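Asker: let me see the structure of the following:
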Amino acid sequence: MRPPQSDPRDGSASAAWELLLPAASAPARTRGRSLQAALREAVRSGRLAPGTRLPSSRDLAADLGVSRGLVTEAYEQLTAEGYLRSGRGAGTWVGAAVRAVRPRAHDLAPRASGTRTDFVPGTPDLALFPRAAWAAAQRAVLAELPHQDLGYPDPRGLPRLRTALAELLARRRGVVADPERIVIVSGVAQATALLGFALHARGLRAVGVEDPGSPQHDALYESAGVTAVPLPLDGEGVALEPLRASGVRAVVTTPAHQFPTGIACSAERRAALLDWARAADGIVLEDDYDGDFRYDRAPVGALQGLDPDRVAYTGSVSKSLAPGLRLGWLLVPEAWTEEVVERKRTMDLGHPALDQALFARFLERGDYDRQLRRCQRAYRDRRDALVTALDAHFPGAEVSGIAAGLHVIATLPRRYGPEERFLARMAEAGVAVRALSAYTHTPAGPAAAGPAGEVRLVLGYAHVPPARIAEGVRLMARAATG
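Answerer: Purely as a prediction, here's the structure:
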């Protein structure tokens, strides 16, 4: 088969015609669509530049070995779409409206830093994801899921999953869990956004956030039109006097294991926080981001269990399974349920049904409990390894915060400071670390900074293989004293 003839003034066009040859060999029932797609792509990619004259339908059909009607139909379709232009007796040309675009897919997902050792907190060990059990659950769900469950779900989530979650949260976290008030969400981030919109709809334009605390809270609430007001901490949790003086009627807190300082909210402070909410006609927004992981004793129950009418509770599988699943839950007070559910409906019409059914089965069969136990053993051992390595290579270092979660706070002696110089040395050595001051609105405040010259670090360990923890701390020590 010889290449179709093109305008002699355009020597580049013959190469473009070669793109049409596979389309001409396609099965008869799809040959027309394939020819149109190939010709369209040749124009989009720039292989056929604007102003290029195309062969007559008779010539192109003869060269491709297809019917003339097939080529005529392709020309007419692409002319209607604006890719080609034609005039009676003037032939067919590539239109001038088309701009060649080379499609590229950029990956904006956060990735490992590429450093020699990465102690940046917040990431679980993704190698612990239970692939075999998850695949088995997926096969079973695909086989048994009723056809109607593939339609638009209840915006709160599948009743099966909400029921299983209510049992889990009541049993493990002491939550007062009514399935009718559980909303399945795309992680705590969506739960936060939903709460922000609900606050805004009620005329609340400010929400208190812990300082230091998760920087994501600020951005998510502000995206809903609610200003984040930083509130300092003391040794028991959010400091009460600044909270009362702030005038806010909503506050975000991580009472089981404050992020990032690692303190647990005392029983007295929990009671006082709820007293504040009742007196202010306010609401407490509880982020239980790692409440299942306590290593020295049984985890303290969720704050929500003390007053479900004043506390909205959020959690997810991001630390126990994988953040990429985008699967979490929001349990709201009864008075807030309707508006939160309606906002969820308008936001995305509900969480994917297959994912919900799969996780429900995972819960019902005990697979999730087994996964939590597996992660707890692994993370406890890694925390112990990190504390031991810090004691060996940074004499005088102090680890603070309760034995829980996926990170520790390490305060290094003054001889390793100041903080700016220490961080610069770590960067030069290829060690990724994060200072506690990175999580605060007030870097000079007492919650983030120790005595002058001390370095306070938030060190994540869950994602670091055990054998590399000691090696990474040794590398930190060499860089700090080099």
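
Asker: what's the distance between the closest residue to residue 412 other than its chain neighbours and residue 289?
Answerer: Nearest residue to residue 412, sequence neighbours excluded (C-beta to C-beta, 6 or more residues apart in numbering): residue 455, at 4.3 Å. Just so you know, the C-beta spots here come from the backbone N, C-alpha and C atoms, and that holds for glycine as well. The gap separating residue 455 from residue 289 is 25 Å, by C-beta to C-beta, to the nearest Å.

Asker: which of the two has more residues huddled nearby?
Answerer: residue 455 (28 against 22; other C-beta atoms under 10 Å).

Asker: show me the shaky parts of the stretch 51-200 of the chain.
Answerer: 100-103, 112-113 (pLDDT under 70).

Asker: strands of that one, start to end?
Answerer: For the stretch 51-200 of the chain, strands defined by DSSP state E, counting those that start in this stretch occupy the ranges 53-54, 84-87, 91-94, 117-118, 182-185.

Asker: swap in the stretch 301-450 of the chain?
Answerer: Under DSSP E, counting those that start in this stretch, the stretch 301-450 of the chain gives strands at 311-316, 328-331, 398-400, 407-412, 431-432, 434-435.

Asker: tell me what the first one is packed against?
Answerer: For strand 311-316, the packing partners by 3 or more C-beta pairs under 8 Å, 6 or more residues apart in numbering; DSSP states H and E come out as helix 159-173, helix 187-201, strand 283-287, strand 328-331.

Asker: packed most tightly, which of these would that be?
Answerer: strand 328-331 (a mean of 27; mean count of other C-beta atoms under 10 Å).

Asker: returning to that earlier point: turn the strands of the stretch 51-200 of the chain into a markdown table, including distance to residue 211 and mean neighbour count.
Answerer: Converted to a markdown table, the strands of the stretch 51-200 of the chain look like this (distance: least, C-beta to C-beta, whole Å; neighbours: other C-beta atoms under 10 Å):
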| stretch | distance to residue 211 | mean neighbour count |
| --- | --- | --- |
| strand 53-54 | 66 | 21 |
| strand 84-87 | 61 | 16 |
| strand 91-94 | 60 | 20 |
| strand 117-118 | 26 | 20 |
| strand 182-185 | 25 | 26 |
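
Asker: residue 430 is nearest to which of the ones you listed?
Answerer: strand 117-118 (7.0 Å; C-beta to C-beta).

Asker: I'd like the strands of the stretch 51-200 of the chain laid out as JSON lines, including distance to residue 24.
Answerer: Converted to JSON lines, these look like this (distance: least, C-beta to C-beta, whole Å):
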{"stretch": "strand 53-54", "distance to residue 24": "15"}
{"stretch": "strand 84-87", "distance to residue 24": "18"}
{"stretch": "strand 91-94", "distance to residue 24": "18"}
{"stretch": "strand 117-118", "distance to residue 24": "53"}
{"stretch": "strand 182-185", "distance to residue 24": "50"}
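
Asker: quick one: closest of those to residue 366.
Answerer: Per C-beta to C-beta, nearest to residue 366 of the strands of the stretch 51-200 of the chain: strand 182-185, 19.8 Å.

Asker: could you report the distance from the residue nearest to residue 416 when sequence neighbours are not counted to residue 49?
Answerer: Excluding the flanking residues, the one nearest residue 416 by C-beta to C-beta, 6+ apart is residue 480, at 5.0 Å. As for residue 480, its distance to residue 49 is 59 Å (criterion: C-beta to C-beta).

Asker: what do you get for residue 55?
Answerer: Distance check for residue 55 against residue 49: by C-beta to C-beta, it reads 15 Å.

Asker: ok, these two, which is more surrounded?
Answerer: residue 55 (20 against 14).

Asker: does that one touch residue 62 like I think?
Answerer: No. At 9.1 Å, residue 55 does not count as touching residue 62 under the criterion of C-beta atoms under 8 Å.

Asker: residues touching the residue nearest to residue 412, list them.
Answerer: For residue 455, the contact set (C-beta atoms under 8 Å, 6 or more residues apart in numbering) comprises 411, 412, 416, 417, 418, 419, 422, 435.

Asker: reformat those residues as a markdown table; add neighbour count.
Answerer: Output for the contacts of residue 455, formatted as a markdown table (neighbours: other C-beta atoms under 10 Å):
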| residue | neighbour count |
| --- | --- |
| 411 | 17 |
| 412 | 24 |
| 416 | 21 |
| 417 | 18 |
| 418 | 12 |
| 419 | 20 |
| 422 | 20 |
| 435 | 19 |
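
Asker: any chance of these in CSV, with distance to residue 203 and pLDDT too?
Answerer: Shown next, in CSV, are these (distance: C-beta to C-beta, whole Å; pLDDT from 0 to 100):
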residue, distance to residue 203, pLDDT
411, 42, 96
412, 46, 95
416, 49, 91
417, 46, 85
418, 45, 91
419, 41, 92
422, 46, 95
435, 38, 95
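
Asker: quick check: the farthest pair among the residues you listed?
Answerer: 411 and 418, at 13.6 Å, using C-beta to C-beta across those.

Asker: count the neighbours of the nearest residue to residue 85 once chain neighbours are set aside for me.
Answerer: In space, and not counting its chain neighbours, residue 85 is closest to residue 95: 4.7 Å by C-beta to C-beta, 6+ apart. Neighbour count for residue 95, taken as other C-beta under 10 Å: 17.
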